[in-house]
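In: Everything below, folded, please.
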Amino acid sequence: MTSRVSLILFLLCGVALAQFEGTNQRVKVRVSFANGICDRSTQVRLVGHSGPIAEAAPNGDCEADFLNIPDGTYHLVVSGRGFADTDNVINTSFGSTDFEVRVSTGDDSARMGMMALSPSVSVGELRVPEKAQRELEKATKQIHQQDFTKAIRTLHHAIDDYPSYAGAYNNLGVVYARLGNPQQEREALEKAVSLNDRLAPAYANLGRLSIKDRDFANAEDELKKASACDPADGITLVLLAYSQFMQKEMDKVIATSRSAHALRSEHAFVHQIAARAFEQKRDRNNAMVELELFLEEETIGARADSARQELALLQSTPSRSH
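Out: Numbers count the residues shown, from 1 in each chain. Coordinates of the predicted model:
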């Protein structure tokens with residue numbers, strides 16, 4: 001059976017959308033294990049464009065603290081024993097700098113670090129030689145082990161065996177993202193979609209990269225393509241709503257958030273984005289509804305606390321016409 005393993009990186013959205021510029025932040029990362037037991041050997045790293053800028057092990061509360069982190073966009077990488085590395089993109093310019101990363105050991109860990117390709121696979125992908133497939137699987141393990149030099153070499157072996165291997169180019173883009181090389185990351189991802197225009201993870205990774213570059217118009221276009229290839233993926237819709245919000249397309253934000261909610265997936269942050277869109281439209285009642293939906297889906301944590309504060313503020317504010 002053809003193996004179709006494709007990595008994808010997603011934005012870990014902050015608590016609030018209000019932006020603050022030019023300050024240093026205290027960043028707190030809580031690592032949440034599915035079994036409730038904190039493995040103190042876990043490492044948490046912040047990686048910028050030029051490479052790693054800070055690394056810490058979690059304390060007794062399974063939290064890692066980073067001080068004097070400049071505003072900006074970073075990869076938040078959590079690695080440890082018994083689970084696949086997680087790699088999220090965070091932005092410390094948003095209202096909260098408290099982040100939570102959930103990890104699972106065993107079989108669940110694989111699902112956190114990778115995503116299968118869309119069922120709509122190009123004819124070329126179905127013809128991938130077995131040797132090239134094995135190289136891709138080998139590279140995926142090397143990426144999870146943070147052996148990026150070997151992963152690049154292995155992925156190039158897969159491409160040498162099958163030059164039209166879109167999945168290998170996508171995963172090569174993921175490696176360059178981990179290494180903080182956005183130019184080569186984009187080149188690899190664009191090559192992937194040129195070979196397979198139904199490869200949802202590559203479009204989603206391009207969208208994430210454009211968000212990181214603050215090119216929200218391109219991000220919207222790329223994320224729409226990702227969603228068209230994989231309509232059931234709620235995270236893509238969350239990122240799409242965020243890109244639309246940053247372009248002040250409030251009606252689109254609301255429509256996208258409703259599509260995400262219809263999937264019944266646990267992506268509560270989309271309701272907070274929708275609430276902000278309704279606030280921009282001076283629609284206080286619907287903003288409160290979205291925050292209540294958020295709190296139904298995410299009841300604890302820094303984001304939930306922020307949503308409760310925002311909801312209380314709206315409830316105490318006299319209604320205005322819109």
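In: Isn't D71 up against T92?
Out: Yes. Using CB atoms under 8 Å, D71 is in contact with T92, at 5.3 Å. C-beta coordinates here come from the backbone N, C-alpha and C atoms, glycine included.
In: What about R186, how many residues nearby?
Out: R186 is flanked by 18 other residues according to other CB atoms under 10 Å.
In: actually G173, not the one I typed
Out: Counted by other CB under 10 Å, the residues lying close to G173 total 30.
In: so it sits in a helix?
Out: Yes. Checked against DSSP: H, G, I helix; E, B strand; the rest coil, G173 lies within a helix.
In: which helices and strands sit right next to the host helix or strand of E137?
Out: Using DSSP states H and E, E137 sits within helix 130-144. Contacts defined by 3 or more CB pairs under 8 Å, 6 or more residues apart in numbering; DSSP states H and E place helix 130-144 against strand 5-7, strand 83-91, helix 148-161, helix 166-178.
In: Reformat the ones you listed as TSV; add distance to V193.
Out: Conversion of the helices and strands packed on helix 130-144 to TSV gives the following (distance: least, CB to CB, whole Å):
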stretch	distance to V193
strand 5-7	12
strand 83-91	19
helix 148-161	15
helix 166-178	7
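In: Pick the most deeply packed of these.
Out: With neighbours taken as mean count of other CB atoms under 10 Å, the helices and strands packed on helix 130-144 reach their highest mean count in helix 166-178, at a mean of 27.
In: Could you tell me the average pLDDT over that one, please?
Out: Per-residue pLDDT values over helix 166-178 give a mean of 91.
In: okay, the angle between the next helix or strand after that helix and helix 148-161?
Out: Per DSSP H and E, the first helix or strand lying C-terminal to helix 166-178 is helix 182-195. Interaxial angle, helix 182-195 versus helix 148-161 (axes from the mean of the first three to the mean of the last three CA atoms, to 10 degrees): 30 degrees.
In: just how off-centre is helix 182-195 within its chain?
Out: Taking CA atoms, centre = their mean, to the nearest Å, one finds helix 182-195 lying 18 Å from the centre of the chain it belongs to.
In: name the helices or strands packed onto that helix?
Out: By 3+ CB pairs under 8 Å, 6+ apart, helix 182-195 packs against helix 166-178, helix 200-212.
In: Downstream of the last one, the next helix or strand is which one?
Out: Going back to what we said before, that points to helix 200-212. Next along the chain after helix 200-212, taking DSSP H and E as the criterion, comes helix 216-229.
In: Just the angle for the helix or strand that that following helix is followed by relative to helix 216-229, thanks.
Out: For helix 216-229, the following helix or strand on the C-terminal side (DSSP H and E) is helix 234-246. For helix 234-246 against helix 216-229, the angle by the same axes, to 10 degrees is 150 degrees.
In: sorry, back to before: same drill for D71 and T92, tell me which one is more crowded.
Out: Between D71 and T92, counting by other CB under 10 Å, T92 is the more crowded of the two (22 against 16).
In: Pretty sure the more buried one sits against Y74.
Out: Yes. Counting by CB under 8 Å, Y74 is a contact partner of T92 at 7.1 Å.
In: Mind listing the shared neighbours of these two?
Out: Residues touching both T92 and Y74 (CB atoms under 8 Å, 6 or more residues apart in numbering): there are none.
In: Would you mark the buried spots in stretch 63-82?
Out: Across stretch 63-82, burial judged by 16 or more other CB atoms under 10 Å covers 63-64, 66, 69, 71, 73-80.
In: Show me what the helix or strand hosting H261 is packed against.
Out: Taking DSSP H and E as the definition, H261 sits inside helix 250-262. Applying 3+ CB pairs under 8 Å, 6+ apart, one finds that helix 250-262 contacts helix 234-246, helix 269-280.
In: contacting residues around it?
Out: By CB under 8 Å, 6+ apart, the surrounding residues in contact with helix 250-262 are 234, 237-238, 240-241, 244-245, 267, 270-271, 273-274, 277-278, 280-281, 290, 293.
In: Going by neighbour count, which residues in it are buried?
Out: In helix 250-262, counting by 16+ other CB under 10 Å, buried: M250, K252, V253, I254, T256, S257, S259, A260, H261.
In: if you skip the residues just before and after it, what's nearest to L293?
Out: H271 (4.5 Å; CB to CB, 6 or more residues apart in numbering).
In: follow-up on the earlier one: closest one to K138 among the helices and strands packed on helix 130-144?
Out: Among these, helix 148-161 comes nearest to K138, with 5.2 Å by CB to CB.
In: wait, isn't E298 in contact with A304?
Out: Yes. Applying CB under 8 Å as the test, E298 and A304 come out as touching, 5.2 Å apart.
In: No more questions from me, cheers.
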